[in-house]
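J.: Quick one, what's the 3D model for this:
(chains A and B)
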Amino acid sequence: MSELTAGKAVAKTTATVAAETATAKKNEWRPISYWPFVIPAMIVVMAVIIFPWVYTIWMSLHEWKVGQAPTFVGFANYLRLPSDARFVESVGHTLVYTTLSVALPLILGTLAAVIFNNKFPLRGFFRGLFILPMMATPVAIALVWTMMFHPQLGVLNYLLSLFGLPPSLWVFHPATAIPSLVLVETWQWTPLVMLIVLGGLSAIPTEPYESAQIDGATPWQTFRYISLPMIMPFLFIAAMIRMIDAVKSFDIIFAITQGGPGSASETINLYLYSVAFVYYDVGYASAIVVVFFALIVALAGALLHLRQRTHWNEAGGSA
Amino acid sequence: MRDFLNKLGLTFAFIVIVSPAVLFFLWMLSLSLKFEIDNASYPPVFIPDRINWGNYAAVIESKRFMTYFFNTLIVTGSATLFALVIGVPAGYGIARMRARKSAIVILIARITPGLSYLIPLFLLFQWLGLLGTLWPQIIIHLVVTVPIVIWIMIGYFETTPMELEESAIIDGATRWQVFRHVALPIARSGIAVAFILSVIFSWNNFVFGIVLAGRETRTLPVAVYNMISFDQLSWGPLAAAALIVTFPVLLLTMFAQRQIVAGLTAGAVK
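T.: Model prediction:
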């Protein structure tokens, strides 16, 4: 279908190029086609995005280790998943990791946005500093966090001791590994939530605030009954983006714990890496990717749905 | 007086919310400038008495640092330029055709984990005999850069006025001339945003490199990661290497924060 359209458009281009000067002279208006602008990108998207999908689905139906010939096994790879304890466990880790990595940045990011919504000298400079964690190279950050987590020499245990708290083993103990990684993820991604919510806050007209002030509302009441309902659509979007990024989080976990200790912080993505590039079991890895895909497509659908609802709300609000 | 207290409270609030970021990077700087004896002392030394520039010298003079640096420049540069060349016209075309629904592919590309692309493309590159060169990394970085550029450009071209383009067409301009001389100049700031974000995300990318890069074709993030496994105990050079890798990005973020904020919130807030 799309190939047909593409072919048509290519033919059109050649024709247009030939006719270009003629059209220019004739000085007539006609609806123009924009396909030639899109086709090069379509080819690249086909090659690096569509092709891998199709190939992955094909591979997921085969028993295939790198270096051997693939044999067709139907859905055997998929049927292996529920009984693979390590996979099931990794799904649980991913859910815990994701839930915490959505909730904490959402709360802290909203708080920061409320502060950033005030006029203040050097606000731009402060905003620049504030977004540094999410722009910095994740591996470089992970390296420094690893040093900070060090049980004996790390600065975090020193900070705990200043508050009279006992030292923690952080990423070096199974029970605290995921919460410690969530700490890094929260530090890194709170700025993104802040930016999105700030976009929402700055779009609110000033009249409701003025009348609230006249009525003697407390700052909390102002936030709860004016700001919060207005930024709700933005919070939904921030939550969805955060969820998608947290589900597929890789760099930080890989560089700090490699899924350890043991498999205490092994998420789906980390397990996928091991299956694909440590065991080279590409057939099984592809089945994991497809299950991951299903999850992601569902999330993308939810995101688009929410976007549409936001547009609808905006339209309703302004009308 | 009340006003003064409000200002004071606000100043305090700003300091509190930026301090996790600022203190982290200052601590990174401190680690990178200390001798091992200061880095291994407890309680930690925050501001050292003597500064050890040797950590930076050790990294920069190390055998392959320059190779890795140029690898990163080549991969990020090529992937970004190519993405701009094909992504800016595509964003224009999609915006003018009002085919925003077709951008679902872009959205899905943005949210799919990088590892999913790696398995099939790794096998393809192996089959093509490209492993061991920089080509696999340049090509796979397009997975990151092309969607960013298209997504941001759709947003920009949707907001630029159509009237100028329509009158140019009535005056007899071809659609390419319209794009080149009318639409592009107006969208310059959008292209800057797309360029900056594309560079940063490509520069920061780690997952593609750990699978596709060999000893000679590593990019800086991968090279730094490899230092961890071999050099567990000398924190000074490690922190110096980490700071060298991320410093260009930090600098770009501070100077172009307005563009970065515009780009990152383009898909979400509009």
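J.: Please make it C-alpha for all contacts and neighbour counts, starting now.
T.: Noted.
J.: Residue A:281 bridge partners, please.
T.: Per DSSP bridges, residues listed as beta-bridge partners of residue A:281: residue A:65.
J.: That one - how many residues pack around it?
T.: 17 (other Cα atoms under 10 Å in any protein chain shown).
J.: what's the distance between it and residue B:211?
T.: In this view, residue A:281 and residue B:211 are 15 Å apart by Cα to Cα, to the nearest Å.
J.: Poorly predicted segments of chain A, please.
T.: For chain A, residues meeting the criterion pLDDT under 70 lie at A:1-32, A:299-300, A:302-304, A:306-319.
J.: can you do 80?
T.: For chain A, applying pLDDT under 80 flags the ranges A:1-33, A:66-67, A:260, A:293, A:295-319.
J.: Dead centre of it: give me the residue that sits there.
T.: residue A:245 (2.2 Å; Cα atoms, centre = their mean).
J.: per-residue confidence at the residue nearest to that residue when sequence neighbours are not counted?
T.: Once flanking residues are discounted, residue A:245 sits nearest to residue B:111: 7.3 Å by Cα to Cα, 6 or more residues apart in numbering or on different chains. pLDDT for residue B:111: 74.
J.: give me the number of residues near the closest residue to residue A:148 other than its chain neighbours?
T.: Closest residue to residue A:148 apart from its sequence neighbours, by Cα to Cα, 6+ apart: residue A:154 at 4.3 Å. By the criterion of other Cα under 10 Å, residue A:154 has 21 neighbours.
J.: For residue B:149, give its distance to residue B:79.
T.: From residue B:149 to residue B:79 the distance is 11 Å (Cα to Cα).
J.: Between these two, which has more neighbouring residues?
T.: Neighbours were counted for residue B:149 and for residue B:79 using other Cα under 10 Å; residue B:149 has more, 30 against 24.
J.: What strand or helix carries the more buried one?
T.: Element membership for residue B:149, per DSSP states H and E: helix B:135-159.
J.: buried ones in that helix?
T.: Applying a neighbour-count criterion of 16 or more other Cα atoms under 10 Å in any protein chain shown, one finds B:135-158 buried in helix B:135-159.
J.: Give me the mean pLDDT for that helix.
T.: 90.
J.: What is the end-to-end distance of stretch A:140-155?
T.: By Cα to Cα, the extent of stretch A:140-155 from end to end equals 17 Å.
J.: Check stretch B:227-238 too.
T.: Note: stretch B:227-238 ends 7 Å apart using Cα to Cα.
J.: what pLDDT, on average, does that stretch get?
T.: 73.
J.: Number of residues surrounding residue 250?
T.: Defaulting to chain A. Other residues close to residue A:250 by other Cα under 10 Å number 23.
J.: Hmm, no, I was thinking of chain B.
T.: If we define neighbours as other Cα under 10 Å, then residue B:250 has 23 of them.
J.: Do I have it right that it meets residue A:136?
T.: Yes - with contact defined as Cα atoms under 8 Å, residue B:250 reaches residue A:136; the gap is 6.1 Å.
J.: gap between residue B:228 and residue A:157?
T.: 21 Å.
J.: who has more neighbours, the two?
T.: residue A:157 (22 against 17).
J.: For that one, which non-adjacent residue is closest in space?
T.: Sequence neighbours aside, residue A:167 is the residue nearest to residue A:157 in space, at 5.1 Å (criterion: Cα to Cα, 6+ apart).
J.: Using the three-state scheme, assign that neighbour.
T.: Secondary structure assignment for residue A:167 (DSSP: H, G, I helix; E, B strand; the rest coil): coil.
J.: Quick check: buried residues in the one helix or strand residue A:92 maps to?
T.: Using DSSP H and E, residue A:92 falls within helix A:85-116. By neighbour count on 16+ other Cα under 10 Å, the buried set for helix A:85-116 is A:86-87, A:89-102, A:104-106, A:108-116.
J.: still on that earlier bit, from what I see, the residue nearest to the centre of chain A and residue B:110 are in contact.
T.: No - applying Cα under 8 Å as the test, residue A:245 and residue B:110 come out as separate, 9.6 Å apart.
J.: circling back: ok, the residue nearest to the centre of chain A to residue A:102 distance?
T.: In terms of Cα to Cα, residue A:245 sits 9 Å off from residue A:102.
J.: Test my guess that residue A:177 contacts residue A:171.
T.: Yes - using Cα under 8 Å, residue A:177 is in contact with residue A:171, at 4.0 Å.
J.: list residues touching both of those two?
T.: Contact criterion Cα atoms under 8 Å, 6 or more residues apart in numbering or on different chains; residues bridging residue A:177 and residue A:171 by contacting each: A:257, A:261.
J.: What residue, apart from its backbone neighbours, is nearest the residue in the stretch 1-150 of chain B positioned nearest to chain A spatially?
T.: Here the residue of the stretch 1-150 of chain B nearest chain A is residue B:90; by Cα to the nearest Cα that distance is 4.2 Å. Distances taken as Cα to Cα, 6+ apart place residue A:38 nearest to residue B:90, at 4.2 Å, with adjacent residues excluded.
J.: May I have the phi/psi pair for the one you found?
T.: phi -90, psi -30 (degrees, to the nearest 10).
J.: and the gap between it and residue B:151?
T.: Taken as Cα to Cα, the span from residue A:38 to residue B:151 is 13 Å.
J.: Please enumerate the shared neighbours of the two.
T.: With Cα under 8 Å, 6+ apart, residue A:38 and residue B:151 have common neighbours residue B:91.
J.: Quick check: residue A:265 vs residue A:244, distance?
T.: 18 Å.
J.: Who has more neighbours out of these two?
T.: Looking at residue A:265 and residue A:244 with other Cα under 10 Å, you find the greater number of neighbours at residue A:265, namely 31 against 21.
J.: tell me the contacts of that one?
T.: Contacts of residue A:265 by Cα under 8 Å, 6+ apart are A:90, A:93, A:174, A:177, A:178, A:253, A:257, A:258, A:259.
J.: As CSV, these with distance to residue B:255 and secondary structure would be great.
T.: Listed next are the contacts of residue A:265 as CSV, based on distance: Cα to Cα, whole Å; DSSP: H, G, I helix; E, B strand; the rest coil:
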residue, distance to residue B:255, secondary structure
A:90, 40, helix
A:93, 38, helix
A:174, 41, helix
A:177, 35, helix
A:178, 34, helix
A:253, 29, helix
A:257, 33, coil
A:258, 34, coil
A:259, 36, coil
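J.: which parts of the stretch 51-200 of chain A sit against chain B?
T.: Counting by Cα under 8 Å from any Cα of the partner chain, the stretch 51-200 of chain A comes close to chain B at A:52-53, A:55-56, A:112, A:115-116, A:124-133, A:135-141, A:143-144, A:147, A:153-155, A:158, A:187, A:192, A:195-196, A:199-200.
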